[in-house]
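Student: Okay, sequence plus prediction incoming.
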Amino acid sequence: MTRTKLRIAIFFIAPFTAIVVIRARTTGSLDAAGESQVSGPGYDIVIANGRVMDPESGLDAVRNVGISGGKIRAISVESLKGKTVLDAKGLVVAPGFIDLHEHAQEPRNYQFQAHDGVTTSLELEVGTDDVDAWYAQREGKTLINYGVSAGHIPVRMKVMHDPGKFLPTGDAAHREATPQELEEIKNQIRHGLQSGALAVGMGINYTAGASHDEIVDVFRVAAAEKASVHVHLRHAGLKEPTTGLVGIEEVIAAAAATGAPLHVVHITSMGLANTPQLIAMVRGAQNSGLDATTECYPYTAGSTNLDSAIFDLGWQERQGITYKDIQWSKTGERLTAETFEKYRKEGGLVVIFSIPEAAVRTAIADPMVMIASDGVPVTGSKVHPRGQGTFSRVLGHYVREEKTLDLMTALRKMTLMPAQRLQKRAPIFNDKGRIREGADADITVFDPQRIIDKATFEDPLQYSAGIQFVLVNGIRVLSNGELVEGVFPGRPARAPNSK
Ligand SMILES: [Zn+2]
């Protein structure tokens, strides 16, 4: 009997049984994976014969995974029945990737992230000044899971009436807060946390006018709510007395003195050539009993707004770069003294080529450093590629091609470790970042021989390749490497409301 006849027969015999009939796409290199129909009772979805890799248990073996009601219900050597069966032979079945640092929380960026294997996308560095509104905007219409921090930057901008859009350009960047303003900043961050923000976000380099007192005070608010502080350091680079090392000293001291957990964002763009010393500071803090962690993205350039305080007078010396190392994201042109002044007035994103490859490699190889994209909104044809390709780049370029680290370690850095970073405050993360019975069915299925980033600095708006299926709460958002239309299974990743 041919496949077609079989389908008709099943439908005829059991017209009231819900049977998902989906054609397997068997084009070219996609042969290794496909979908097929199975009649009768069983799981909503079975991922069959994949190499299941779970960083928590260490499981790395061929298994069948049964999913129903958005949860993983079975992990079995025996074959399982499912209404839909996804053939994962030759593919890795991993927990969906959790991105702790993604600024572009918009539908287009969620599509890029789904293609990169991300099932939970979190804006924890800049965050928001209105937690309830932020979650409400995305409820029921989001492709992947989403979450946010209570942001010191946007709260400071609101309280100090800063004219900047995303990052401050006026008083919130450059002026010390009055005692009344500081009280209001603390109140609003506390309110955000009590509304279920996952963490506190800080970017001290962008709020350079904030006193050391203010920073410690914000850490105190975080500590009282058991929230980690995800911080872009006050200083970056190699020039004393404003080195990345000085920047990390400030926040390790604040964490130690207040008890707030500390998470240092994008350690490579903070440390540059001194990245190993900064990583050693985080590891040393851990060894001394502090709850301190860090993350990196796999690129030799950073990206931020040209009109931010990072480019205040003296930026060349501080960062060890000059005009030609900066690329205007709208057009891709490298800057000159003239265009720097012009575009700084206009405001907008730039890509900054400042991070040595050795620093990137050191951070990627270190089992303690998590992977996070720091993705930015797609506001020009030459935006930074990190929001589109970070996770595939680590797995394809650094694991497979460069052998900088092994596959399980890489997966741990993008699944289990981010979940563990947040789970004490937000118990929802106890069931994420793992392939185990009872866990959320956030799952990424990829071909370890093919996975690779396609987004480059020249051509950044490209989907990653080699990711075959992505499930969010048991619903496919990517199937046979292509986006599924019209599904919005993303749910809020949020801490309990304590108001
Ligand atoms: Zn940053």
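Tutor: Perfect, I can see it now.

Student: Contacts only, for I153.
Tutor: Neighbouring residues of I153 by CB atoms under 8 Å, 6 or more residues apart in numbering: V126, G127, L167, P168, A172, G201, M202, G203, Y206, T207. C-beta here means a position set from N, CA and C on the backbone, and glycine is covered the same way.

Student: The third one touches E125, doesn't it?
Tutor: I take that to be L167. No. Taking contacts as CB atoms under 8 Å, L167 lies outside contact range of E125: 10.8 Å.

Student: Looking at these two, which has the bigger crowd around it?
Tutor: E125 (26 against 23; other CB atoms under 10 Å).

Student: So that one belongs to a strand, correct?
Tutor: Yes. In this structure, E125 lies within a strand as judged by DSSP: H, G, I helix; E, B strand; the rest coil.

Student: circling back: in strands only, show me the contacts of I153.
Tutor: V126, G127, G201, M202, G203 (DSSP state E).

Student: Quickly list what the fourth one is bridged to.
Tutor: Read it as M202. Residues in a beta bridge with M202, per DSSP bridges, are V231.

Student: number of nearby residues for it?
Tutor: A count of neighbours around M202, defined by other CB under 10 Å, yields 31.

Student: which ones are touching I204?
Tutor: When contacts are counted by CB under 8 Å, 6+ apart, I204 touches A210, I215, V231, H232, L233, R234, G247, E250, V251.

Student: can you map out the strands along the stretch 51-200 of the chain?
Tutor: According to DSSP state E, counting those that start in this stretch, the stretch 51-200 of the chain carries its strands in the segments 60-68, 71-76, 82-87, 92-95, 97-99, 118-128, 145-151, 200-203.

Student: Listing partners with orientation, what would you give for the fourth one?
Tutor: Each strand that pairs with strand 92-95, with its direction, by DSSP bridges: strand 43-53 (parallel), strand 443-446 (antiparallel).

Student: which residues are contacting the last one?
Tutor: Counting by CB under 8 Å, 6+ apart, strand 443-446 makes contact with 33, 47, 50, 65, 67, 72, 86, 88, 91-97, 117, 119, 392, 395, 435, 466-471, all of which sit outside it.

Student: So, low pLDDT: which residues of the chain?
Tutor: 1-41 (pLDDT under 70).

Student: Could you find the residue nearest the spatial middle of it?
Tutor: Against the mean C-alpha coordinate of the chain, by CA atoms, centre = their mean, the closest residue is D99 at 1.8 Å.

Student: who's in contact with that residue?
Tutor: So D99 contacts Q113, V118, T120, S121, L122, A372, S373, G375, T390, F391, M414, P418 (CB under 8 Å, 6+ apart).

Student: For the second one, give me its contacts.
Tutor: Contacts for V118 (CB under 8 Å, 6+ apart) come out as G96, F97, I98, D99, E102, I144, S373, F391.

Student: do the same with the first one
Tutor: Each residue near Q113 by CB under 8 Å, 6+ apart is listed here: D99, E102, S121, I144, S373, G375, G387, Q388.

Student: tell me which residues form a beta bridge with I452?
Tutor: Applying DSSP bridges to I452 gives these bridge partners: A465.

Student: Tell me how many other residues surround it.
Tutor: 18.

Student: Am I right that it is in contact with G396?
Tutor: Yes. Between I452 and G396 a contact is recorded at 3.5 Å, counting by CB under 8 Å.

Student: Now do the shared contacts for the two.
Tutor: G466.

Student: hang on, the earlier thing: let me know the closest of the contacts of V118 to A441.
Tutor: G96 (8.7 Å; CB to CB).

Student: Now do the contacts for the closest residue to that closest one other than its chain neighbours.
Tutor: Excluding its sequence neighbours, the residue lying closest to G96 (CB to CB, 6 or more residues apart in numbering) is T119, at 2.7 Å. Taking CB under 8 Å, 6+ apart as the criterion, T119 is in contact with G96, F97, I98, I144, N145, K432, D442, I443, T444, V470, L471, V472.

Student: Helix, strand, or coil at the closest residue to the third one other than its chain neighbours?
Tutor: On the basis of CB to CB, 6+ apart, the spatially nearest residue to I98 that is not a chain neighbour turns out to be P418, at 4.0 Å. The local conformation at P418, judged by three-state DSSP, is helix.

Student: what number of residues lie near P418?
Tutor: Neighbours of P418 using other CB under 10 Å come to 28.

Student: hang on, isn't it packed against E102?
Tutor: No. Checked against CB under 8 Å, the pair P418 and E102 is beyond contact range at 11.5 Å.

Student: Touching both of these two, which residues are there?
Tutor: Joint contacts of P418 and E102 (CB under 8 Å, 6+ apart) are A372.

Student: give the contact list for G192.
Tutor: G127, T128, D129, D130, V131, S149, A150, G151, V155.

Student: I'd say D291 and P261 touch.
Tutor: Yes. D291 lies in contact with P261 (CB under 8 Å); the separation is 3.9 Å.

Student: The two: which is more packed in?
Tutor: P261 (24 against 15).

Student: how near is the residue nearest to I98 to T390?
Tutor: For P418, the distance to T390 equals 13 Å [CB to CB, to the nearest Å].
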